[in-house]
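**Q** next comes the sequence, and after it the predicted model I'd like to discuss.
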Amino acid sequence: MKQIISLLILIFMISSCKKETHYAIDDTTLEINDFVWKAMNSYYLWKDKIPALNDKTFKDQEALNDYLSDFSNPDELFESLIYKRDEVDRWSWIVDDYESLLKLFAGVRKTTGMRIGLVYENGSNYNIFAYVKYVLPGSDADFKGIQRGDIFRKINGERLNLDNYMELLYSDELDIELAQWNANDLTDTGNVIHLQKWEINENPIYIQKIIHRNNKKIGYLMYNGFTSPYDEQLNNSFAFFQNQNIDELILDLRYNPGGSVTTLQNLASMITGQFTGEVLLKYNWHPQLQKWMKENYPKSLQRYFVNHMKNGTPIYHLNLSKVYIIATKSSASASESLINSLRPYIDVIQFGTPTHGKYTASITLFDSPDFSSSNMKKNHKWALQPIVIKVSNVQNESDFINGLSPDIYRAEDLHNLGILGEESELLLSTVLNYIDNNTFLKTSSFSSWNTLDFEEEKHMYEMYLPSSDISEIEAIRR
């Protein structure tokens, strides 16, 4: 009996000495952190550059949990896993409410309706003014009479500068005081306009028209976002151009920050039509996943010119061998990849200024067994939008970090922006004059203004893959 008691005491002492795991964060935060790490470990483009994402860093789940418990919130963990935030990966982000993210990609934005650019005041590297590029129909700015070319440098009575512009511009309500030009300087007018941000469904097809010039029919399309819910309307625009039997197409992407890769695929196919089945663009994942893809899912590494949209709707083709594209620093991501992917196949004559310089794409990852929107956990709404692929054209050309250079340089004149879609507007008139004379204009005009690289809406500069891509991949991996 004494031996049994001694044995029980020994067992109790040993069990009491076992390590007890006490995490400094609550179970829900640990669960979300676990999702963040595993999603980034699976798909982040620069996974091999981040030691904490190496598959061998943590020997088991307990070791991973110990690591994750050091991060008090998912934002902090996510940022720790980003590769060179200021130099390389400027685009990956995380949200705590995926519903707002899905609205963003559907073209629903909370906005005053002003699409603006920011510029340093003449002779200053601190004070800033804003100019209106265009106004969204049906927005508060539209109702209040704000127009393209309007200028302001005060919001809520405060002068815009490097320290306060973000906070002021992202406010839900703004009192802007209009300004006017006095040579290259500005003076305030005292005219204050109160603006509120509403949720607006932005149709990316801003202008669609036919320009008759020298016995030619020229189609003009100002397209401001690769927004997939509007793909049917985009197709209808090309049906209109096809029925009008246009001779030339001018595609104005000067303010288009990107969007859906599927929409890019559709638009490239609408412009052409003679390359159905040919490779449009290529995907490059992180090395480990790229190798697995080549072995198990090689078709996923390329996108092709198509005849039909995903819902089966036939695509209207123009079968063009040349397209004229207007692009600027605000043209990013899918806009740039459209230009880059079409160039090996047709003549792409680019007008404007160098583009933004984003050749990567992201995908939305949810806390679910396959990181898709199916069977998501119900106790939180966190989601990731990490960069997962580098995009190249059929000739493996990519890495245009400084943007795509135009064939004809022409910057907008902030003193006289003109009316979008009118033949007299500077950039459009430059393209039309080129079409008339079939020769390059001898100019290297750049704006002398020092502009800021400002996202008019948070995370606008994006190119994203459909979540179905991840679902298909995960179905094979598992």
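**A** Now that the structure is in, tell me what you want to look at.
**Q** check contacts around Val431.
**A** Val431 makes contacts with Ile250, Tyr324, Ile326, Phe351, as judged by Cβ atoms under 8 Å, 6 or more residues apart in numbering. For the C-beta atoms, the positions are set from N, CA and C on the backbone; glycine is no exception.
**Q** closest to Tyr131 among the residues you listed?
**A** Ile326 (17.8 Å; Cβ to Cβ).
**Q** looks to me like Arg303 is in a strand.
**A** Yes: per DSSP: H, G, I helix; E, B strand; the rest coil, Arg303 lies within a strand segment.
**Q** domains in the protein, by residue range?
**A** For the chain, automatic domain parsing gives the domain ranges 110-200, 202-477.
**Q** of these, which is nearest Ile25?
**A** Nearest to Ile25 among the domains of the chain is domain 202-477 (13.3 Å), distances taken as Cβ to Cβ.
**Q** any idea how far Thr313 is from Asp172?
**A** Using Cβ to Cβ, to the nearest Å, Asp172 is found at 38 Å from Thr313.
**Q** again with Ser373
**A** Separation of Ser373 from Thr313 (Cβ to Cβ) stands at 23 Å.
**Q** what of Val88?
**A** Distance, Val88 to Thr313, by Cβ to Cβ: 38 Å.
**Q** those two: who's more crowded?
**A** Val88 (15 against 12; other Cβ atoms under 10 Å).
**Q** show me where the stretch 351-478 of the chain has strands.
**A** In the stretch 351-478 of the chain, the strands defined using DSSP state E, counting those that start in this stretch lie at 360-362, 365-366, 383-385, 387-393, 408-409, 462-464.
**Q** same thing with the stretch 51-200 of the chain?
**A** Ranges of strands in the stretch 51-200 of the chain, per DSSP E, counting those that start in this stretch, are 93-95, 108-111, 114-120, 128-135, 151-155, 158-159, 173-182, 185-196, 198-201.
**Q** what's the least confident stretch among those strands?
**A** Set side by side, these differ in mean pLDDT, and strand 108-111 is lowest with a mean of 88.
**Q** paired strands for that one, with orientation please.
**A** Counting by DSSP bridges, the strands paired with strand 108-111 are strand 198-201 (antiparallel).
**Q** can you pull the buried residues of the partner strand?
**A** Trp198, Ile200 (16 or more other Cβ atoms under 10 Å).
**Q** who's in contact with that strand?
**A** Taking contacts as Cβ under 8 Å, 6+ apart, the residues outside strand 198-201 that touch it are 103, 106-113, 136, 138-140.
**Q** cool, stretch 294-304 as well?
**A** Contact with stretch 294-304 is made by 261, 265, 276-284, 290, 293, 469, 472-473, 476-477, as judged by Cβ under 8 Å, 6+ apart.
**Q** so Tyr230 sits against Tyr223, correct?
**A** No: Tyr230 lies out of contact with Tyr223 (Cβ atoms under 8 Å); the separation is 9.6 Å.
**Q** give me the common contacts of the two.
**A** Residues touching both Tyr230 and Tyr223 (Cβ under 8 Å, 6+ apart) are Pro204, Ile205.
**Q** that older thread, most tightly packed of the domains of the chain?
**A** Ranked by mean neighbour count, those are led by domain 202-477 with a mean of 18 (mean count of other Cβ atoms under 10 Å).
**Q** residues in contact with the residue lying closest to Met114 once chain neighbours are set aside?
**A** Excluding the flanking residues, the one nearest Met114 by Cβ to Cβ, 6 or more residues apart in numbering is Ala141, at 4.6 Å. Residues in contact with Ala141 (Cβ under 8 Å, 6+ apart) are Thr112, Gly113, Met114, Val132, Val135, Leu195.
**Q** just the closest of those to Lys381, please.
**A** Closest to Lys381 out of the contacts of Ala141 is Thr112 (25.9 Å), distances taken as Cβ to Cβ.
**Q** look up how far Tyr206 lies from the closest one.
**A** Distance of Thr112 to Tyr206, computed by Cβ to Cβ: 17 Å.
**Q** related to what we said a few turns ago, distance to Glu336 added to the contacts of Ala141, as JSON lines?
**A** Shown next, in JSON lines, are these (distance: Cβ to Cβ, whole Å):
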{"residue": "Thr112", "distance to Glu336": "27"}
{"residue": "Gly113", "distance to Glu336": "26"}
{"residue": "Met114", "distance to Glu336": "24"}
{"residue": "Val132", "distance to Glu336": "24"}
{"residue": "Val135", "distance to Glu336": "25"}
{"residue": "Leu195", "distance to Glu336": "31"}
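**Q** including distance to Lys56, could the domains of the chain go into JSON lines?
**A** As requested, the domains of the chain are exported to JSON lines (distance: least, Cβ to Cβ, whole Å):
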{"stretch": "domain 110-200", "distance to Lys56": "40"}
{"stretch": "domain 202-477", "distance to Lys56": "12"}
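**Q** out of those domains, which gets nearest to Lys84?
**A** Nearest to Lys84 among these is domain 202-477; the distance by Cβ to Cβ comes to 11.8 Å.
**Q** quick check: mean pLDDT across the closest one?
**A** Averaging pLDDT along domain 202-477 gives 92.
**Q** how about stretch 67-80?
**A** 97.
**Q** flag every buried residue along it.
**A** Applying a neighbour-count criterion of 16+ other Cβ under 10 Å, one finds Leu68, Ser69, Phe71, Pro74, Leu77, Phe78 buried in stretch 67-80.
**Q** what's the closest of those residues to Ile94?
**A** Closest to Ile94 out of the buried residues of stretch 67-80 is Phe78 (4.4 Å), distances taken as Cβ to Cβ.
**Q** which residues does the closest one contact?
**A** So Phe78 contacts Val36, Met40, Ser92, Ile94, Leu384 (Cβ under 8 Å, 6+ apart).
**Q** you'd agree the last one is up against Asp367?
**A** No: Leu384 is not in contact with Asp367 according to Cβ under 8 Å; the separation is 9.1 Å.
**Q** quick revisit: pipe the buried residues of stretch 67-80 into a markdown table and attach distance to Ala411 per row.
**A** Formatted as a markdown table, these follow (distance: Cβ to Cβ, whole Å):
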| residue | distance to Ala411 |
| --- | --- |
| Leu68 | 48 |
| Ser69 | 52 |
| Phe71 | 44 |
| Pro74 | 41 |
| Leu77 | 42 |
| Phe78 | 37 |
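**Q** quick one on the thing from earlier: in strands, which of the contacts of Val431 appear?
**A** Judged by DSSP state E, the subset of those located in strands is Ile250, Tyr324, Ile326, Phe351.
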